[in-house]
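In: Just the structure for this:
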Amino acid sequence: MARLQELNGKQKAAILLISLGPEVSAEVFKHLREDEIEMLTLEIANMRKIESNDKEKILHEFHQIAVAQEYISQGGIEYAKDILEKALGQQKAIDVINRLTATLQVRPFDFARKTDPNQILNFIQNEHAQTIALVLSYLQPEQSAMILSSLPQERQADVARRIALMDATSPDVITQVERVLEQKLSATFQHDYTSAGGIESIVQILNGVDRSTERTILDTLEMEYPELADEIKKRMFIFEDIVKLDNRSIQRIIRDIENSDLQLALKVASENVRDAIFRNMSKRMVETFKEEMEYMGPVRLRDVEEAQTKIVAIIRRLEESGEIIIARGGGDDIIV
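Out: This next block holds a predicted model:
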């Protein structure tokens, strides 16, 4: 076994997971990418004897970094350094912050996520559309939705498209934009190429804008970038979102759905989704559905996903025709 100071970050992470035990490690794995899980699994498999003293030191190091991360989330890096210096001394505090930013990496524009969206809007509204897209990609979806809704209509679709198509962004570009937004924090951040934006990002943002903004953006994208618009629309409402519909809407969509598709879709659905559907059926219909689902036996996941996709398409069609309402942010409250 290598000496503690010779271990790299992956090896330390593997020892940490071993020390935490299988149940906690399993929960950690749920938040990691597949390549990260594979890498850590390999490191764990290659571990031999681990000295108890090394375990304690790595747990202590992890605790320090976790505390520093909490301080950063509360008040930023400078606040974290001040608190850690009082507790650990200046050099130790710097070491902890450097390890944190070098390994876990503070997410860019962290300070902006604690800022009033109107203040951010005042700064970025006259910037290039790509700059606006970059900033919105890193903010909370609620903040980005408010800012996107406040932009001139002729810029909204362009910014939305740029967010959806955004891939890896150069750390130099991020640092440059951050420096203008927040001079105090920019020098401390240590960046690597980082991915933000993408389809899911713009979907989350559009789910929070008002209906008028959403339609303007999607209609514009549909004319200029039909494939992108179609991909965004597919993800704007997922099958599990049925629980967000009111009872009247659920009753309406049940009438248009083939029983066989609904039974397939419910086969692997969550209890919340099943309850939402069943409480809008007659008692006799629920009993029939449950019996037929039980007799259905094993089903292919692909068939279930196809059935759910059909149902989502029906829901979106009914929404577009005005027969049901999908409540979102931006004043879409339902008045009965």
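In: Buried residues, whichever helix or strand residue 217 is part of. List them.
Out: In the assignment (DSSP states H and E), residue 217 maps to helix 211-224. Going by neighbour count (16 or more other C-beta atoms under 10 Å), the buried part of helix 211-224 is 213-214, 216-218, 220-222. Bear in mind the C-beta positions are built from the backbone N, C-alpha and C, glycine included.
In: by contact count, what packs against it?
Out: Judged by 3 or more C-beta pairs under 8 Å, 6 or more residues apart in numbering; DSSP states H and E, helix 211-224 is in contact with helix 141-150, helix 153-165, helix 199-206, helix 226-236.
In: Can you tell me which of the buried residues of helix 211-224 is closest to residue 117?
Out: Nearest to residue 117 among the buried residues of helix 211-224: residue 213, at 14.1 Å, using C-beta to C-beta.
In: Would you agree the closest one is in contact with residue 156?
Out: Yes. With contact defined as C-beta atoms under 8 Å, residue 213 reaches residue 156; the gap is 6.2 Å.
In: what do the two both touch?
Out: Both residue 213 and residue 156 are contacted by 148-149, under the criterion C-beta atoms under 8 Å, 6 or more residues apart in numbering.
In: follow-up on the earlier one: least reliable of the helices and strands packed on helix 211-224 going by mean pLDDT?
Out: The minimum mean pLDDT among the helices and strands packed on helix 211-224 belongs to helix 199-206 (a mean of 77).
In: what is the orientation angle of the helix holding residue 217 with helix 141-150?
Out: Counting by axes from the mean of the first three to the mean of the last three C-alpha atoms, to 10 degrees, helix 211-224 lies at 70 degrees to helix 141-150.
In: Report the residue spans of the stretch 151-300 of the chain with pLDDT below the cut-off.
Out: For the stretch 151-300 of the chain, applying pLDDT under 70 flags the ranges 168-172, 181-197, 207-208, 210-211.
In: Apply 90 and report the result again.
Out: The model of the stretch 151-300 of the chain has pLDDT under 90 over residues 153-154, 163-241, 244, 266-270, 289-300.
In: Which of the residues in the strand or helix carrying residue 23 are classified as buried?
Out: Counting by DSSP H and E, the element that carries residue 23 is helix 22-29. Of all the residues in helix 22-29, those buried under the rule 16+ other C-beta under 10 Å are residue 25.
In: Return the alpha-carbon coordinates of that helix using PDB.
Out: The C-alpha trace of helix 22-29 is given here as PDB (Å, rounded to 0.1, in the frame of the first residue of the first chain):
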ATOM      1  CA  PRO A  22     -21.500  -0.400   1.200                       C
ATOM      2  CA  GLU A  23     -24.900   1.300   2.000                       C
ATOM      3  CA  VAL A  24     -23.500   4.800   2.100                       C
ATOM      4  CA  SER A  25     -21.300   4.100  -1.000                       C
ATOM      5  CA  ALA A  26     -24.300   2.900  -2.900                       C
ATOM      6  CA  GLU A  27     -26.100   6.200  -2.200                       C
ATOM      7  CA  VAL A  28     -23.000   8.100  -3.400                       C
ATOM      8  CA  PHE A  29     -22.900   6.100  -6.600                       C
END
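In: That'll do, ta.
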